[in-house]
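In: What shape does this take:
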Amino acid sequence: MKTFVIGIGGVTNGGKTTLAKNLQKHLPNCSVISQDDFFKPPSEIETDKNGFLQYDVLEALNMEKMMSTISCWMQSPRHSPVSTERNNEDVPILIIEGFLLFNYKPLETIWNRRYFVTIPYEECKRRRSTRVYEPPDPPGYFDGHVWPMYLKHRREIEDIEWEIVYLDGTKSKEDLFSQVYEDLRQELAKQKFV
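Out: You can find the predicted model right below:
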């Protein structure tokens, strides 16, 4: 069975989850898997020399479990626990959203389309300060860990030869959605999925 897999990666608090949920509402037979659902418990997260829990690394995620969930969907997209079936005529679409999608080699071959949301440092820091995390961010965590790790991971994917569509996360939710939705409609048509 043909499937179409979309990756939405990018910076923390960039709007990845909001975009994925908006797309899911408008795309037929669309399911979403969020990388945030696969964090290991705090007791399994390593601490750096500054005492910061290392959440912004692949080792903080149960990627095997995430891969298993993706594999389950790929084998039976219409009957997976994450599916939202609407019409048997439409190609099943899976959106995977998360901050380290394109840095994980086993996912390299599944993407039909890749998006990467970016926002500037000040906006990211402002948005992050309005969110509640469990455990909460300690003082200095954003500057000492979160932002440096984002820059490191972004540099890694910029060296990869894939086609990634970079998105301006400072755009309104509506504008971001419209841009990606139209791009996906064109991409689905180009790849003969519609």
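In: how deep is residue 104 tucked in, by neighbour count?
Out: Neighbours of residue 104 under the rule other Cβ atoms under 10 Å: 16. For every residue, glycine as well, the C-beta is placed using N, CA and C.
In: Report the secondary structure state of residue 8.
Out: Classification of residue 8 by DSSP: H, G, I helix; E, B strand; the rest coil places it in strand.
In: Now do the contacts for it.
Out: Counting by Cβ atoms under 8 Å, 6 or more residues apart in numbering, residue 8 touches 16, 19, 20, 95, 96, 97, 98, 101, 115, 116, 117.
In: Quick check: the first one touching residue 6?
Out: No - at 11.3 Å, residue 16 does not count as touching residue 6 under the criterion of Cβ atoms under 8 Å.
In: Same drill for these two, tell me which one is more crowded.
Out: Neighbours were tallied for residue 16 and for residue 6 using other Cβ under 10 Å; the higher tally belongs to residue 16 (27 against 23).
In: what's the more buried one in contact with, if anything?
Out: Neighbour list for residue 16: 8, 9, 10, 97, 98, 99, 117 [criterion: Cβ under 8 Å, 6+ apart].
In: where does it land on pLDDT?
Out: At residue 16, the model reports a pLDDT of 97.
In: how far away is it from residue 117?
Out: 6 Å (Cβ to Cβ, to the nearest Å).
In: between the two, what contacts are shared?
Out: Common neighbours of residue 16 and residue 117 (Cβ under 8 Å, 6+ apart) are 8, 9, 10.
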